[in-house]
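>>> My questions are about this predicted structure, shown below with the sequence.
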Amino acid sequence: MKRRAPLHVAGTIRAPGDKSISHRALIFAALADGETRVRDILASADVHATASALRAMGVSIPELSTDFVVRGHGIAALTSPARAFDCANSGTTTRLLCGLLAGLPGRSARFEGDASLSRRPMRRVASPLASMGAHIDFEGAPGHDGLPMRVHGAQLRGTNYVSAHASAQVKGALLLAGLASGVEVVVEEPYRSRDHSERMLLARGVALEVSERSVRLPAAQQVTAADVVVPSDPSSATFFAALAALADSGELRLENVCLNPTRTGAFDVLQRMGVSLDVSEQRLVGGELIGTIVVRPEALNGTTIEGAEIPRCIDELPMLACLASQAAGETRIADAAELRVKESDRIRAVVDNLRTLGVDAEELPDGMRIIGSRTPLRGHVITHGDHRLAMAFGVLGAIPGNQITIDDPACVDVSYPRFWQDLAAAVGQGDAGVDVRQTTASGAAVGTPLTIAIDGPAASGKSSTAQWVAQKLGVRHVDSGAFYRAITYLALSTCGDPESWVADDVLANAPRISWRLTERSVLPLIDDIDQDTALRDAPVTRQVSRVAQMLAVREWVNQMVRSAGAAVDVVVDGRDIGTTVFPDAQLKVFLVADSWERARRRLVQRLRRRPTDAEIAEETEELVARDAKDATQSAPARDAITIDTTTVTQEEQVERIVALARATRERMVRPT
Ligand SMILES: Nc1ncnc2c1ncn2[C@@H]1O[C@H](COP(=O)(O)OP(=O)(O)OP(=O)(O)O)[C@@H](O)[C@H]1O
Ligand SMILES: Nc1ccn([C@@H]2O[C@H](COP(=O)(O)O)[C@@H](O)[C@H]2O)c(=O)n1
């Protein structure tokens, strides 16, 4: 079948830093006694989780940026964290730090993660570590070998571990345990898994012996500091190699790609399918081969991917499977049961989604079978929060004639935060006039994310409703008031008498405030720590409206909120979101409720009991006073839909907004 319009691609893509190398750059810098300069790290949600965990163990790591310095004090100086590690969605953080902690006598840590990570199996690292003498307790339901888990560090014995799977995370965890306890570790694998740990440790003076399928770490090794420049992630670059392969004309130049042979399986598969890849500018940086790849469109054929090739392209299989849906003939993927325990069950999820879109695909116990065709694809993709699914189906969505919506485009943040912009740029620069808004994969158009603004007076239900709506739509939630509260919280301890506060002094604390993405919400951090409860306390609530009148503060908050809500589908709540922060939001809601009812709800929330009339009367006065102080910035946008919630349940108002959001999305995908 012929496509409706040709797809032209053009441009240069510099995919973000390699995720595996980024985690290891931080961890090895933390083990060294000295300074490590880190450039071009992947500042994604997963890598933030590793950085936060290491900071909690006493390592000095500044806010992640393109160029910064880590100050390590050696393995012996690592401490137990004061709080549980929040590993978010990151299996690498969990498994590598589990190995490190297990080998540090006297230290211990609790590991927590989001719902998806908590389902992933940890026994594969816990068992070999236990055979070295490690103590790891799973704290979930009996028989559950996922998070939460507690690791109690101990002096471990050496090991010679023969692994049934090729797993860089297991190998890395055992090497870290051996380094921490100063004992010999040998790991043998059926196939060679990613070898970044080996290359990076060798570059840091560790006397590893590496052969095709095994690695030996001698006892008592020291890690020296060595600067690192993180190359682009080949797994991320593969999405654009696939896009170029699917195009009708043009080419994409993929720059600075890590060409480590344990990572280039997808490029081999692409070539076998008929894709033209020209590799140039090859060079060795920090023990890793790096180069430029130019990809041009070709007719694609199905292929078989199995055996030793699987570990070399495991993360790229969702994209290769989607590509196979457009290739002539059958593609078979086998020996890839590992896919079932990734961020989602990627065998089931890929096959289900392909079938939803109309592709002939079949699930196999250890892989899948796909019959390619050029019939236009239509339907809604469920990502299960899995970044690689969102991006793989996003590439299919960029083909003219396909109409694909994706439930959770924001989940790409785990590994490729600017994926949608890069995708829009790659298909938008051509002269073939592809309308990315009609061929979108994201439910909203690529490059035009859906923004929902929820404004209203104090305690009208904005933040809890916004959070609930975001959860139902599978998009990100940003609570702008939390940023005003965070800067006010710091002013209370640094700026003296509130009557004499001035914007410059208040804003001097701004560098101490950052934000992190939890499962779906943007969480403001103060000195890297979540202070949410303290931000809601009375002293902050009493002074926040004063700070919110300072124009320079408003500009700073607006910038933080816009960066947290940029380029992804998002629900943002506050006072001036629909008027000032996101005046182009496609859906604006203004929540109101009778002040007595708002006060009653606020007290129920705070006291967790039925309040007395006297209490409600007092709280009503406070709310009305705060509304008056906030009046200048609190007018509803002219195009806002006002919902009076006085007599409706919260569930009803959430359903109403979700329905409005879905209708808005429909209009964006199919403009009238
Ligand atoms: N329709 C409703 N019925 C009953 N309770 C509700 C309803 N809508 C919201 N609530 C409750 O009201 C309380 C206040 O809501 P929320 O904290 O979201 O308000 P807010 O507008 O964000 O407040 P603030 O401006 O102070 O941050 C919460 O406990 C919430 O669950
Ligand atoms: N967009 C916004 C959001 C908040 N404020 C100010 O912050 C205070 C706290 O907000 P909550 O939503 O957490 O109650 C609020 O009283 C405003 O002063 C704002 O000005 N603009």
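Received it, and whenever you're ready, just let me know what you need. Ligands and ions are numbered 1, 2, ... in the order given.

>>> Point out where the stretch 451-600 of the chain drops to low pLDDT.
Low-confidence segments of the stretch 451-600 of the chain (pLDDT under 70): 519.

>>> Return the nearest residue of it with respect to ligand 1.
Of all residues in the stretch 451-600 of the chain, residue 461 sits closest to ligand 1, at 2.8 Å by C-beta to the nearest ligand atom. Every C-beta, even on glycine, is put in place using the N, C-alpha and C of the backbone.

>>> Which parts of the stretch 501-650 of the chain are helices?
503-507, 532-535, 538-548, 551-565, 595-607, 613-629, 650-669 (DSSP state H, counting those that start in this stretch).

>>> of these, which approaches residue 466 most closely?
helix 650-669 (8.6 Å; C-beta to C-beta).

>>> Show me what counts as buried in that closest one.
653-654, 656-658, 660-661, 664-665, 668-669 (16 or more other C-beta atoms under 10 Å).

>>> which one is residue 512 nearest to, not counting chain neighbours?
Nearest in space to residue 512, with sequence neighbours left out and distances taken as C-beta to C-beta, 6 or more residues apart in numbering, is residue 527 at 5.4 Å.

>>> actually residue 197, sorry about that
residue 172 (4.5 Å).

>>> mind listing what the one you found touches?
Contacts for residue 172 (C-beta atoms under 8 Å, 6 or more residues apart in numbering) come out as 24, 95-96, 99, 197.

>>> Nearest to residue 9 among these?
residue 24 (32.2 Å).

>>> right, and the closest one touches residue 200 too?
Yes. Residue 24 lies in contact with residue 200 (C-beta atoms under 8 Å); the separation is 5.3 Å.

>>> The stretch 351-500 of the chain against ligand 2: which residues are in contact?
458, 480-481, 484-485 (C-beta under 6 Å from any ligand atom).

>>> Mind putting the residues you listed into JSON lines with secondary structure and neighbour count?
Formatted as JSON lines, those follow (DSSP: H, G, I helix; E, B strand; the rest coil; neighbours: other C-beta atoms under 10 Å):
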{"residue": "458", "secondary structure": "coil", "neighbour count": "22"}
{"residue": "480", "secondary structure": "helix", "neighbour count": "30"}
{"residue": "481", "secondary structure": "helix", "neighbour count": "21"}
{"residue": "484", "secondary structure": "helix", "neighbour count": "26"}
{"residue": "485", "secondary structure": "helix", "neighbour count": "23"}
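
>>> Columns distance to residue 336 on top of these, output as JSON lines?
Converted to JSON lines, those look like this (distance: C-beta to C-beta, whole Å):
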{"residue": "458", "distance to residue 336": "53"}
{"residue": "480", "distance to residue 336": "43"}
{"residue": "481", "distance to residue 336": "46"}
{"residue": "484", "distance to residue 336": "48"}
{"residue": "485", "distance to residue 336": "47"}
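
>>> State the pair within the residues you listed that is farthest apart.
Most distant of these, by C-beta to C-beta, are 458 and 480, 13.4 Å apart.

>>> Give me the distance between residue 162 and ligand 2.
For residue 162, the distance to ligand 2 equals 55 Å [C-beta to the nearest ligand atom, to the nearest Å].

>>> For that residue, give me phi and psi.
Dihedral pair for residue 162: phi -100, psi 110, per degrees, to the nearest 10.

>>> Verify the stated contact: the residue nearest to residue 512 with residue 511.
No. The pair residue 527 / residue 511 is not scored as a contact, 9.9 Å apart, by C-beta under 8 Å.

>>> ok, so of the residues of the stretch 351-500 of the chain next to ligand 2, who is nearest ligand 2?
residue 481 (2.5 Å).

>>> and the stretch 401-550 of the chain, which of its residues are near ligand 1?
456, 458-465, 481.

>>> Can you tell me which residue of the stretch 51-200 of the chain sits closest to ligand 2?
Closest point on the stretch 51-200 of the chain to ligand 2, by C-beta to the nearest ligand atom, is residue 86, at 22.6 Å.

>>> Which residue, other than its chain neighbours, is closest to that residue?
residue 112 (5.7 Å).

>>> Then residue 558?
Spatial nearest neighbour of residue 558, chain neighbours left out: residue 581 (5.1 Å); criterion: C-beta to C-beta, 6+ apart.

>>> Can you get me a residue count around the one you found?
Using other C-beta atoms under 10 Å, residue 581 has 23 neighbouring residues.

>>> Please verify my assumption that it contacts residue 572.
Yes. Using C-beta under 8 Å, residue 581 makes contact with residue 572 at a distance of 6.8 Å.

>>> Common neighbours of the two, please.
453, 480, 561.

>>> What is the nearest of those residues to residue 129?
residue 561 (42.4 Å).

>>> For the closest one, list the residues it contacts.
Taking C-beta under 8 Å, 6+ apart, one finds 478, 480, 483, 572, 574, 577, 581 in contact with residue 561.

>>> Residue of the stretch 251-400 of the chain closest to ligand 1, please.
Closest residue of the stretch 251-400 of the chain to ligand 1, C-beta to the nearest ligand atom: residue 385 (23.8 Å).

>>> Could you look up the SS state of that residue?
Under DSSP: H, G, I helix; E, B strand; the rest coil, the three-state class of residue 385 is coil.

>>> Do I have it right that it meets residue 409?
No. Assessed by C-beta under 8 Å, residue 385 is found out of contact with residue 409, at 11.1 Å.

>>> Mind telling me which residue of the stretch 1-150 of the chain is nearest ligand 1?
Taking C-beta to the nearest ligand atom, the stretch 1-150 of the chain has residue 115 as its residue nearest ligand 1, at 21.7 Å.

>>> tell me which residues in stretch 60-68 are buried?
Buried-residue list, stretch 60-68, by 16+ other C-beta under 10 Å: 61, 64, 68.

>>> returning to what we had before: which residue of residue 385 and residue 409 possesses the greater neighbour count?
Legend: neighbour count by other C-beta under 10 Å for residue 385 and residue 409, higher for residue 409 (32 against 21).

>>> so how far is ligand 1 from that one?
Taking C-beta to the nearest ligand atom, one finds residue 409 at 25 Å from ligand 1.

>>> Quick check: that residue vs residue 340, distance?
24 Å (C-beta to C-beta, to the nearest Å).

>>> cool, residue 537 as well?
45 Å.

>>> Does residue 369 touch residue 334 like I think?
No. Taking contacts as C-beta under 8 Å, residue 369 lies outside contact range of residue 334: 9.2 Å.

>>> quick one on the thing from earlier: Serialize the buried residues of helix 650-669 to JSON lines and add fields for pLDDT.
Converted to JSON lines, those look like this (pLDDT from 0 to 100):
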{"residue": "653", "pLDDT": "95"}
{"residue": "654", "pLDDT": "94"}
{"residue": "656", "pLDDT": "94"}
{"residue": "657", "pLDDT": "95"}
{"residue": "658", "pLDDT": "92"}
{"residue": "660", "pLDDT": "94"}
{"residue": "661", "pLDDT": "93"}
{"residue": "664", "pLDDT": "90"}
{"residue": "665", "pLDDT": "85"}
{"residue": "668", "pLDDT": "77"}
{"residue": "669", "pLDDT": "62"}
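
>>> Would you mind checking which of those residues is nearest to ligand 1?
Taking C-beta to the nearest ligand atom as the measure, ligand 1 lies nearest residue 653 of the buried residues of helix 650-669, at 5.4 Å.

>>> Mind checking which of the residues of the stretch 401-550 of the chain next to ligand 1 are buried?
456, 458-463, 465, 481.

>>> Can you pick out the ones from those residues that are in helices?
Among those, the members found in helices (DSSP state H) are 462-463, 465, 481.

>>> Farthest pair within those?
For these, the farthest-apart pair by C-beta to C-beta is 465 and 481; their separation is 13.2 Å.
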